[in-house]
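S.K.: I'd like to go over a predicted model; first the sequence, then the structure.
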Amino acid sequence: MAKEITSRNENYSQWYNDIVVKAGLADYSAVRGCMVIKPYGYAIWEKMRDQLDRMFKETGHQNAYFPLFIPKSFFSREADHVEGFAKECAVVTHYRLKNDPNGKGVVVDDDAKLEEELIVRPTSETIIWNTYKSWIQSYRDLPILINQWANVVRWEMRTRLFLRTAEFLWQEGHTAHETKKEAVEEAERMINVYANFAREWMAMPVIIGRKSEAERFAGAIDTYTIEAMMQDGKALQAGTSHFLGQNFAKAFDVKFLNKDSNLEYVWATSWGVSTRLMGALVMTHSDDNGLVLPPKLAPVQVVFVPIYKSKEELDKVSQVIAPLREQLHARGISTKYDDRDNYKPGFKFAEYEMKGVPVRVAVGPKDIEKGTVEVARRDTLQKQFVPQNQLAETVVTLLDEIQENLYNRALDYRKANTVKVDTYEELKKVLSEKGGFVLAHWDGTAETEALIKEETKATIRCIPLDGEVEEGKCIITGKPSKQRAIFALAY
RNA sequence: CGGGGUGUGGCGCAGUUGGUUAGCGCACCUGCUUUGGGAGCAGGGGGUCGUGCGUUCGAGUCGCACCACCCCGACCA
């Protein structure tokens, strides 16, 4: 294991890359823009996925699976949608290779050209709405509440591990409803599911809001978002939920017979979160010693490190540790016992800090004598001695405390880096000097938004749903505004 | 896609005006001693020097082309 990571102060981007690679979350791959998610990183993703999946099921959704490939013609149906994704689509043009007649290797067989090219899905609205058309005839067929776990491909120019890769894993929910009201409620319900997940499981504070027109999903009427603040003050969109209106129903001619025997277009939503959440997790909690994981998502919550000189001593320590682990397992806590003999305790301490294990328990000869163990918490790096017979209870409490502390710490950071401004000068000053979230009145026009983006690089992250209503004037045009928008540099 | 940078054992790097058998640290393997914050000693294994073409008696080193990756920008749910 590598010893050093770049400090956040020195180079934040490099720090992030170091953590991802050195904590064993992911690696660069032989394919441009694509990463390998390593077992430890995938284990965290699995925990996220499993919990989200439970939450989707609790809100009435079912999983299904749609094709990776989408006929090119489907994409031209919804104008905004095409424009949004056309520039980053991978296209399949042939279905066969052959041996290179001139030498080594294989070449594309020109005789095997597809009649219609296939797009590797960047998102699945089109193939799904094409399918829904055949599933929906009457209001009795509605609602359809489906989610799929899948990979998607967006040919990004510039990629970063987890935050933006050409291929990534995600879930996409696609629902069909009888009424506009029902669809809007669904979109709002799911953004709240995401917010709850982020707060309670990732210990990551998020702001729920509505996207401006410019930032909206291609093809949506309304896009809801959860926005989180990273430790460098930049915003990260962690999840989105879209009210699609009847756009896709019209594009794919999906109508149903309502209770009054009238034909109507179906109302739709879609919503998703991706492996980008892994990046958010890293940048919300981790420090210069490595990854910091919230207990609820840590693959290993407690690691036991034995301290010993001889084989006999190791045996004694192991005998103390075994029942302690059992007690923790009985309380639903995951543990690991690292009795590798080729590494010293100090090395192991550093390694588990790098990997973000929330709690470390060291047991040595002195502990056996005194009936104690040494308990160290990853979030604050504090250590304490605990009687062996109180370990289980202590750890249960400690894990909750760490989960809560991480959330509060992140929330404090966000509060400390969120400011209200009333003039454009102030906005520019804050963005260039301090960063973070800037709350300002905005007249609601795309022109004003574009101007600010042009001059400051900051975008409107969202208009908070629970933001206070107050009369104000747009910082650019002076036109009346009823609510402040959040401006920030973003990932 | 533009600017900058880097490609030499698994990782990080050195390698002089071209000159013999390409070095160093970490990691790895074996043995002994160690073990409460990244162990020590001894021995050992591992490299088509990113790829291709060229210059030369001779290329890790010089030239051209290509490729990959990183950083910054443009772009972007």
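M.R.: Done, it's in.

S.K.: how about the residues of the stretch 151-300 of chain A near RNA strand B?
M.R.: By C-beta under 7 Å from any atom of the strand, the part of the stretch 151-300 of chain A that sits against RNA strand B consists of A:156-160, A:164, A:170, A:172, A:215, A:217-218, A:237, A:240, A:270, A:272, A:274, A:289. Every C-beta, even on glycine, is put in place using the N, C-alpha and C of the backbone.

S.K.: now list the buried members of these.
M.R.: Taking 16 or more other C-beta atoms under 10 Å as the criterion, what is buried in these is A:159-160, A:164, A:170, A:172, A:215, A:217-218, A:237, A:240, A:270, A:272, A:274.

S.K.: check whether the helix or strand containing A:M48 contacts RNA strand B.
M.R.: Per DSSP states H and E, A:M48 falls inside helix A:39-58. No - applying C-beta under 7 Å from any atom of the strand, one finds helix A:39-58 separated from RNA strand B by no less than 13.9 Å.

S.K.: show me what that helix is packed against.
M.R.: strand A:144-153, strand A:167-177, helix A:180-200, helix A:276-285 (3 or more C-beta pairs under 8 Å, 6 or more residues apart in numbering; DSSP states H and E).

S.K.: need the per-residue pLDDT for the most centrally placed residue in chain A.
M.R.: Chain A has A:L277 as the residue nearest its centroid, 1.6 Å off, counting by C-alpha atoms, centre = their mean. A:L277 carries a pLDDT value of 96.

S.K.: where's it relative to A:K344, distance?
M.R.: 35 Å (C-beta to C-beta, to the nearest Å).

S.K.: same deal with A:G60?
M.R.: 53 Å.

S.K.: what sits against the residue lying closest to A:V193 once chain neighbours are set aside?
M.R.: Using C-beta to C-beta, 6 or more residues apart in numbering and skipping residues adjacent in sequence, the residue nearest A:V193 is A:M55, 5.1 Å away. Contacts here follow C-beta atoms under 8 Å, 6 or more residues apart in numbering; on that basis A:M55 touches A:V193, A:N196, A:F197.

S.K.: from the buried ones among the residues of the stretch 151-300 of chain A next to RNA strand B, which land in helices?
M.R.: Within these, no residue falls in helices by DSSP state H.

S.K.: nearest to A:Y352 among those residues?
M.R.: A:R160 (25.7 Å; C-beta to C-beta).

S.K.: surely A:L97 and A:D111 touch.
M.R.: No - counting by C-beta atoms under 8 Å, A:L97 does not reach A:D111; the two are 11.3 Å apart.

S.K.: neighbour count: those two, which is higher?
M.R.: Of the pair A:L97 and A:D111, A:L97 is the one with more neighbours under other C-beta atoms under 10 Å, namely 12 against 8.

S.K.: who's that one bridged to?
M.R.: A:V108 (DSSP bridges).

S.K.: so what sits opposite the nearest residue to A:E374 once chain neighbours are set aside in the bridge?
M.R.: Excluding its sequence neighbours, the residue lying closest to A:E374 (C-beta to C-beta, 6+ apart) is A:A362, at 4.3 Å. Beta-bridge pairing of A:A362 under DSSP bridges involves A:V305, A:E374.

S.K.: can you get me a residue count around A:A362?
M.R.: Residues lying near A:A362 (other C-beta under 10 Å) number 20.

S.K.: okay, now the unreliable bits of chain A?
M.R.: A:1-3, A:102-105 (pLDDT under 70).

S.K.: make it 80
M.R.: For chain A, the stretches with pLDDT under 80 are A:1-4, A:10, A:29-32, A:100-107.

S.K.: could you pull out the helices for the stretch 1-150 of chain A?
M.R.: With DSSP state H, counting those that start in this stretch as the criterion, the stretch 1-150 of chain A has helices at A:12-22, A:39-58, A:72-75, A:79-85, A:125-135.

S.K.: and the second one with helix A:276-285, angle?
M.R.: Interaxial angle, helix A:39-58 versus helix A:276-285 (axes from the mean of the first three to the mean of the last three C-alpha atoms, to 10 degrees): 110 degrees.
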